[in-house]
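1. I need the structure of the sequence given here:
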Amino acid sequence: LKAGAGIERLNLSHNNIRDAGAQALAAALPSSSLIELDISGNPLGPAGLFALLTAAASTPSLAVLKIEHVNLDSRSREALARLRQARPDMVIYVTPMTSS
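-> Below you'll find the model as predicted:
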(Lines give C-alpha, C1' and ligand atoms only; values in the text may rest on other atoms or scores of the structure.)
Protein backbone atom coordinates (compact mmCIF):
# COMPACT_ATOMS: atom_id res chain seq x y z
CA LEU A 1 0.00 0.00 0.00
CA LYS A 2 2.92 2.35 -0.42
CA ALA A 3 2.12 5.78 -1.81
CA GLY A 4 2.48 5.77 -5.56
CA ALA A 5 2.00 2.00 -5.79
CA GLY A 6 -1.06 2.59 -7.95
CA ILE A 7 -3.53 0.65 -5.79
CA GLU A 8 -6.68 2.75 -5.60
CA ARG A 9 -9.36 0.18 -4.74
CA LEU A 10 -8.87 -2.72 -2.38
CA ASN A 11 -11.58 -5.29 -1.66
CA LEU A 12 -10.63 -7.40 1.35
CA SER A 13 -14.18 -8.40 2.23
CA HIS A 14 -14.77 -11.88 3.66
CA ASN A 15 -11.08 -12.74 4.00
CA ASN A 16 -11.06 -13.79 7.66
CA ILE A 17 -9.04 -10.70 8.63
CA ARG A 18 -8.72 -10.35 12.39
CA ASP A 19 -7.21 -7.76 14.71
CA ALA A 20 -3.55 -8.30 13.77
CA GLY A 21 -4.26 -8.04 10.04
CA ALA A 22 -6.49 -5.01 10.50
CA GLN A 23 -3.86 -3.28 12.61
CA ALA A 24 -1.19 -3.95 9.97
CA LEU A 25 -3.49 -2.56 7.29
CA ALA A 26 -4.25 0.47 9.46
CA ALA A 27 -0.53 1.18 9.87
CA ALA A 28 -0.08 1.31 6.08
CA LEU A 29 -3.30 3.14 5.27
CA PRO A 30 -2.36 6.81 5.89
CA SER A 31 0.58 6.71 3.46
CA SER A 32 -1.38 4.86 0.78
CA SER A 33 -3.13 6.21 -2.30
CA LEU A 34 -6.27 4.14 -1.69
CA ILE A 35 -9.53 5.72 -2.77
CA GLU A 36 -11.77 2.84 -1.74
CA LEU A 37 -11.40 0.13 0.91
CA ASP A 38 -13.85 -2.70 1.58
CA ILE A 39 -13.15 -4.63 4.79
CA SER A 40 -16.71 -5.94 5.19
CA GLY A 41 -17.59 -9.33 6.60
CA ASN A 42 -14.35 -9.95 8.47
CA PRO A 43 -14.17 -11.09 12.10
CA LEU A 44 -12.49 -7.86 13.17
CA GLY A 45 -12.07 -7.47 16.88
CA PRO A 46 -12.47 -4.15 18.65
CA ALA A 47 -8.76 -3.28 18.45
CA GLY A 48 -8.53 -3.91 14.71
CA LEU A 49 -11.69 -2.02 13.85
CA PHE A 50 -10.69 0.89 16.07
CA ALA A 51 -7.25 1.02 14.38
CA LEU A 52 -8.81 1.02 10.89
CA LEU A 53 -11.33 3.75 11.72
CA THR A 54 -8.64 5.90 13.31
CA ALA A 55 -6.28 5.43 10.35
CA ALA A 56 -9.04 6.19 7.84
CA ALA A 57 -9.38 9.66 9.36
CA SER A 58 -5.71 10.28 8.51
CA THR A 59 -5.87 8.96 4.94
CA PRO A 60 -6.57 11.95 2.68
CA SER A 61 -7.05 9.90 -0.49
CA LEU A 62 -9.65 7.56 1.02
CA ALA A 63 -13.11 8.50 -0.26
CA VAL A 64 -15.08 5.29 0.32
CA LEU A 65 -14.90 2.94 3.30
CA LYS A 66 -17.04 -0.19 3.50
CA ILE A 67 -17.20 -1.89 6.89
CA GLU A 68 -20.41 -3.82 6.63
CA HIS A 69 -21.31 -6.80 8.81
CA VAL A 70 -18.78 -6.10 11.56
CA ASN A 71 -19.09 -6.00 15.33
CA LEU A 72 -19.14 -2.42 16.57
CA ASP A 73 -18.36 -1.98 20.25
CA SER A 74 -18.70 1.37 22.02
CA ARG A 75 -15.08 2.35 21.35
CA SER A 76 -15.47 1.61 17.63
CA ARG A 77 -18.74 3.57 17.52
CA GLU A 78 -16.91 6.55 19.02
CA ALA A 79 -14.09 6.20 16.47
CA LEU A 80 -16.70 6.03 13.69
CA ALA A 81 -18.32 9.22 14.96
CA ARG A 82 -14.91 10.96 15.05
CA LEU A 83 -14.18 9.74 11.51
CA ARG A 84 -17.49 11.11 10.23
CA GLN A 85 -16.76 14.44 11.91
CA ALA A 86 -13.17 14.64 10.61
CA ARG A 87 -14.03 13.44 7.10
CA PRO A 88 -17.60 14.49 6.23
CA ASP A 89 -16.73 14.02 2.55
CA MET A 90 -16.01 10.30 2.98
CA VAL A 91 -18.72 7.82 2.01
CA ILE A 92 -18.92 5.23 4.78
CA TYR A 93 -20.97 2.08 4.45
CA VAL A 94 -21.43 0.49 7.86
CA THR A 95 -23.82 -2.27 8.86
CA PRO A 96 -23.29 -3.69 12.34
CA MET A 97 -23.71 -7.44 12.73
CA THR A 98 -26.86 -8.52 14.44
CA SER A 99 -27.21 -11.64 16.47
CA SER A 100 -29.61 -14.21 15.11
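2. what's the helix or strand for His69?
-> Per DSSP states H and E: His69 is located in strand 64-70.
3. do Ala28 as well
-> Secondary structure (DSSP H and E) places Ala28 in helix 19-28.
4. check which helices and strands that helix sits against.
-> helix 46-57 (3 or more C-beta pairs under 8 Å, 6 or more residues apart in numbering; DSSP states H and E). For the C-beta atoms, the positions are set from N, CA and C on the backbone; glycine is no exception.
5. need the contact list for the residue most central in space within the chain.
-> Most central in the chain under C-alpha atoms, centre = their mean is Leu52, positioned 4.3 Å from the mean C-alpha point. Applying C-beta atoms under 8 Å, 6 or more residues apart in numbering, we find Leu52 in contact with 22, 25-26, 29, 39, 44, 67.
6. below-threshold pLDDT in this structure: ranges please.
-> 1-5, 98-100 (pLDDT under 70).
7. what's the spacing between the helix holding Ala28 and its chain's center?
-> 10 Å (C-alpha atoms, centre = their mean, to the nearest Å).
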